[in-house]
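Just need the structure, nothing else, for what follows:
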Amino acid sequence: MPQTFVNLNGTVSERSSLQVQFQSNDLHEVEAVAAVFGLAPEPLGLYGTASFAGTVRGSTISPQIAGQLSAPSVKV
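Below you'll find the model as predicted:
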């Protein structure tokens, strides 16, 4: 059963306004997905839980990210 949830709401453009909610109860699952897309060239051995709630604004070239990140039990 998946242990990660991502919710994106808004628009992505030169004037992006995107609400982001992310919750993972197994960060190793996130690392595996990143590897599939070539975003993690080497395994980090990432484990634990994390959540993020925030916004992404601005252009796709220079996004501005703001929000709250909580990672109480991250292990690398």
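
Which positions within the host helix or strand of Asn9 qualify as buried?
Assigned by DSSP states H and E, Asn9 falls within strand 4-11. Neighbour-count burial for strand 4-11, counted by 16 or more other C-beta atoms under 10 Å, picks out Thr4. Yep, even glycine has a C-beta here, placed from its N, CA and C like the rest.

Quick check: next helix or strand after it?
Once the chain leaves strand 4-11, the next helix or strand it forms, by DSSP H and E, is strand 16-24.

Report the mean confidence score over whichever strand or helix holds Ala32.
Per DSSP H and E: Ala32 is located in helix 27-36. Mean pLDDT, helix 27-36: 89.

nearest spatial neighbour of Ala40, skipping sequence neighbours?
Ala34 (4.1 Å; C-beta to C-beta, 6 or more residues apart in numbering).

got it, and Leu18?
By the measure of C-beta to C-beta, 6+ apart, the closest residue to Leu18 outside its immediate chain neighbours is Gly10, 3.9 Å from it.
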